[in-house]
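In: Quick one, fold the following:
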Amino acid sequence: MGMIPRETIDNILDRSDIVEILSDYVQLKRSGRNFKACCPFHNEKTPSFVVSPDKQIYHCFGCHAGGNVIDFLMKHESLEFPEAVRVLASKAGVEIPETTNRSGEGESVSTRVYEANKVAGAFYRNMLNGEKGRNALKYLNSRGITSQTVSTFGLGYAPDEWESLSRYCRSKKISVEILRKAGLTVPSDKGRNDYDRFRSRIIFPIYNERDTIVAFGGRVMDNRLPKYINSPETPVYSKSNILYGLNFSKKGIREKGYAVLVEGYLDVIMPFQHGVINVVATSGTALTLRQVDILKKYTDTVVMVFDSDQAGEAASLRGLEILVENGLKVKVATLPKGDDPDSFVSREGSASFYAVVEDAKTLFDYKLDLLFAQKGKKDIGAIVDGMLPTIAKISNAVIQSDYIRTLAEKLGIHEASLRVEMGKIKSDRPYRYEKPQGKYSLPEAVRNSELYILGLSLASAKRFSLVQKELGSDAFRDPAVRTIMSEAKRIFDLGNDTTLNQAKLLGRLRDDERARNVLLQAMAKVDIIEDPDKAVRDCISCLKKENREERLKSLAEKLKQAQVNADISGMNDTLRMIDQIHKERVV
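Out: Next up, the predicted model:
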């Protein structure tokens with residue numbers, strides 16, 4: 001990938017609204033001029049993640065992560081800089097000048113894997129709609145899947161051939177190495193050409209939140225085993241980081257106020273086709289903390305829909321307890337025996353499916369009923385042992401207390417005895433808040449006066465001009481502040497803007513991590529100042545006095561040394577400089 005021109009990056013930032021884009025990743029709530037949320041980069045209960053629409057930046061006061069919208073995508077999606085810029089360019093409708101050579105030299109592995117997945121997705125779709133995919137398309141139609149749904153979800157077909165995809169991809173200049181890294185091909189044990197991983201299967205593309213294909217799932221059309229195979233872990237895909245269908249359902253989740261969590265691909269596709277617009281799947285894996293964090297960006301409530309034969313599985317209950325432990329409200333709905341979401345909604349429709357969801361039990365009631373059925377109501381000890389660890393995971397003390405009282409009533413025992421037993425439970429919570437570690441740290445040895453002047457001057461061309469006139473650049477002791485002021489001057493000099501696009505300034509400091517941190521701290525400091533014009537004048541005066549005092553202190557040391565050395569000439573020169581400083585008028 002070639003260098004992306006600075007002018008193009010600036011244009012992308014000008015057309016990108018950080019609030020609109022970050023709303024796809026975190027639940028933003030207005031707070032004055034800004035928006036707040038719980039930080040997606042560390043575990044916290046009190047929101048300290050602030051997004052400024054005026055400055056087009058974000059900043060976390062907890063872990064000190066911050067930057068512009070490009071920085072956010074790089075950190076949140078593990079993208080390299082050019083990849084994040086291209087994602088934004090696509091959203092903003094900005095065309096990036098093509099400077100990449102055909103060999104892909106210089107592109108990251110992730111970029112080339114994404115491209116390989118894109119080509120493979122198109123190949124599988126073409127196969128499904130061609131002669132070789134006739135039976136596969138007939139199979140999908142027999143399952144009630146419409147042509148519109150096939151198109152929406154990008155379904156495809158891998159033909160019963162060993163090298164059809166690999167030959168096609170090689171014709172598109174995709175290397176054998178990248179096909180392997182994408183998990184699309186597998187090396188032959190006999191030293192021959194690599195063979196295709198997916199053969200004679202319906203193909204389900206797996207998308208990330210940005211509608212980009214990161215992996216594939218393949219399903220047989222008969223009774224062969226395994227019924228499903230999936231892409232392996234790759235540079236762009238980890239199954240613990242993906243919720244299948246979220247790219248289609250995230251808007252519906254926000255509209256409905258909750259997510260319906262199911263197990264497999266068709267359990268998402270068929271309900272979605274029938275109008276269940278807030279459904280996502282774990283794709284057969286146990287629910288992970290990362291998936292919980294993803295859900296928290298869109299909702300605080302999850303309804304798990306169990307198959308009748310899945311209900312009560314210990315792994316499923318542990319997954320639900322992870323949701324509870326991380327502050328989400330959890331309910332459990334159970335379908336009639338023999339049904340899964342796919343079959344039930346196909347037969348009964350979305351209204352009946354939502355009725356089942358509406359009748360969902362809380363996790364407390366669900367688990368208690370399950371224990372009653374398994375142990376019998378007389379085995380009080382086993383029921384208490386099963387329920388108290390779940391109740392202990394609930395962070396809200398009021399709800400926790402109410403559950404203890406309810407459990408005592410249902411078991412016919414004293415509430416006080418349950419509280420005694422509750423006190424014996426050691427929290428096994430592995431998700432508690434820990435002070436985040438990483439490269440985001442507070443800038444050291446930066447005077448407050450310099451930080452305030454920096455933040456105040458960058459928000460206004462008038463104030464910036466005043467600072468330049470009164471102080472210039474030599475007045476700033478910190479080299480990072482001087483670097484920022486110098487780069488800001490270049491941006492102001494380019495046009496007649498009255499305010500500086502601070503997201504753009506951050507982009508130009510990409511290679512200076514300390515300068516970026518200093519800039520973020522400076523902008524955070526001045527956010528609540530009511531009269532910035534008066535404040536900048538006061539800070540200019542303060543900085544001048546500080547510089548004066550530092551000069552006097554330095555000269556006093558110099559005078560002391562001259563006296564020790566009996567340097568009469570040096571003493572006289574130093575005294576004249578001290579006298580001159582005292583005569584200067586400081587305002």
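
In: can you list the domains in this protein?
Out: If you go by automatic domain parsing, the domain ranges for the chain are 6-92, 109-237, 241-359, 366-424, 448-570.

In: which other residues reach stretch 148-167?
Out: Contacts to stretch 148-167, defined as CB atoms under 8 Å, 6 or more residues apart in numbering, come from residues 120-121, 123-128, 132-133, 136-137, 140, 145, 176, 179, 184-185, 193-196, 198-205, 207, 213, 218, 248, 269, 272-273. Any C-beta I mention is one placed from the backbone N, CA and C, and that applies to glycine too.

In: Extract the C-alpha set from that stretch and format it as PDB.
Out: What follows is stretch 148-167, C-alpha atoms only, in PDB (Å, rounded to 0.1, in the frame of the first residue of the first chain):
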ATOM      1  CA  GLN A 148     -33.300 -11.700  -0.900                       C
ATOM      2  CA  THR A 149     -31.900 -13.300   2.300                       C
ATOM      3  CA  VAL A 150     -29.300 -15.200   0.300                       C
ATOM      4  CA  SER A 151     -28.200 -11.900  -1.100                       C
ATOM      5  CA  THR A 152     -28.400 -10.000   2.200                       C
ATOM      6  CA  PHE A 153     -26.200 -12.500   4.100                       C
ATOM      7  CA  GLY A 154     -23.900 -13.100   1.100                       C
ATOM      8  CA  LEU A 155     -24.500 -16.900   1.100                       C
ATOM      9  CA  GLY A 156     -22.500 -19.000  -1.300                       C
ATOM     10  CA  TYR A 157     -21.400 -22.500  -2.300                       C
ATOM     11  CA  ALA A 158     -18.100 -24.200  -2.300                       C
ATOM     12  CA  PRO A 159     -18.100 -26.800  -5.100                       C
ATOM     13  CA  ASP A 160     -17.000 -30.400  -4.600                       C
ATOM     14  CA  GLU A 161     -13.500 -29.700  -6.100                       C
ATOM     15  CA  TRP A 162     -10.100 -29.700  -4.400                       C
ATOM     16  CA  GLU A 163      -8.600 -26.600  -5.900                       C
ATOM     17  CA  SER A 164     -11.300 -24.500  -7.600                       C
ATOM     18  CA  LEU A 165     -11.100 -21.600  -5.100                       C
ATOM     19  CA  SER A 166      -7.300 -21.700  -4.900                       C
ATOM     20  CA  ARG A 167      -6.900 -21.600  -8.700                       C
END
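
In: Next, report how far it is displaced from the centre of its chain.
Out: Put simply, stretch 148-167 sits 30 Å off its chain's centre (CA atoms, centre = their mean, to the nearest Å).

In: Now it: buried residues?
Out: 149-150, 153-159, 162-166 (16 or more other CB atoms under 10 Å).

In: Looking at those, which are in helices?
Out: Judged by DSSP state H, the buried residues of stretch 148-167 include 149-150, 153, 164-166 as members of helices.

In: for the residues you listed, which one is nearest Cys63?
Out: Nearest to Cys63, judged by CB to CB, of those is Phe153 at 36.5 Å.

In: Just give the closest residue to Ile213, not the sequence neighbours.
Out: In this structure, Ile213 finds its nearest non-sequential neighbour in Asn117, 4.3 Å apart by CB to CB, 6 or more residues apart in numbering.

In: Dead centre of this structure: give me the residue that sits there.
Out: The chain has His76 as the residue nearest its centroid, 3.9 Å off, counting by CA atoms, centre = their mean.

In: From what I see, that residue and Tyr25 are in contact.
Out: Yes. His76 is within contact range of Tyr25, at 5.9 Å (criterion: CB atoms under 8 Å).

In: Between those two, which contacts overlap?
Out: Counting by CB under 8 Å, 6+ apart, the residues touching both His76 and Tyr25 are Pro40.

In: name the element Ile203 belongs to?
Out: Ile203 belongs to strand 201-207 when elements are defined using DSSP states H and E.

In: And that strand, what does it pack against?
Out: For strand 201-207, the packing partners by 3 or more CB pairs under 8 Å, 6 or more residues apart in numbering; DSSP states H and E come out as helix 109-128, helix 134-142, strand 156-158, strand 213-219.
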